[in-house]
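Chemist: any chance you could fold what I've pasted below:
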Amino acid sequence: MLVIRLRRHGAKRSPFYRIVVAEDASRRDGRFVEVIGHYNPRTKPEQVKLDYERLAHWQSKGAQVSDTVRTLAVRHKGAVAAERGTIREGGEPVPETAGAVADTTAPPPSAAPDAGTEEAGPSPEQAPS
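Modeler: I've put the predicted structure just below:
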């Protein structure tokens, strides 16, 4: 299974990370398929560069996004990725048919109860005692 995660680079105590697509069985800094961005937590403000088109491409292929990469993508994407619709606020990918979903809040007309099918007997409150 493919995973989108961080790959550590840099010297001791000065890390920076590459955002990569890799097999989940490979080591953290081991073999990877593609580099889709980078993250430098040492700069102020943090520097994040992420190719959202490639992120969406790999998600459509079934790659799982790590929690850290999901947080970075949501926090640093700005309005660009939100307009593209690749990631929701909660981090989940937006389904491709989201615009075509019908309104399911209204019940179908056949499910409405008929007024003439009530019981003929008196209700328990009106029954003589």
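
Chemist: for the rest of this, base every contact and every neighbour count on C-alpha atoms.
Modeler: Will do.

Chemist: what helix or strand does residue 14 sit in?
Modeler: Using DSSP states H and E, residue 14 sits in no helix or strand.

Chemist: what ranges does this structure have for its helices?
Modeler: Secondary structure of the chain (DSSP state H): helices at 52-60, 67-76, 78-84.

Chemist: tilt between the second one and helix 52-60?
Modeler: Same thing as helix 67-76. For helix 67-76 against helix 52-60, the angle by axes from the mean of the first three to the mean of the last three Cα atoms, to 10 degrees is 140 degrees.

Chemist: counting by contacts, list what helix 67-76 packs against.
Modeler: Secondary-structure packing of helix 67-76 (3 or more Cα pairs under 8 Å, 6 or more residues apart in numbering; DSSP states H and E): strand 2-9, strand 47-50.

Chemist: each with direction, which strands does the longest one pair with?
Modeler: Read that as strand 2-9. Looking at strand 2-9 with DSSP bridges, its partner strands are strand 16-23 (antiparallel), strand 64-65 (parallel).
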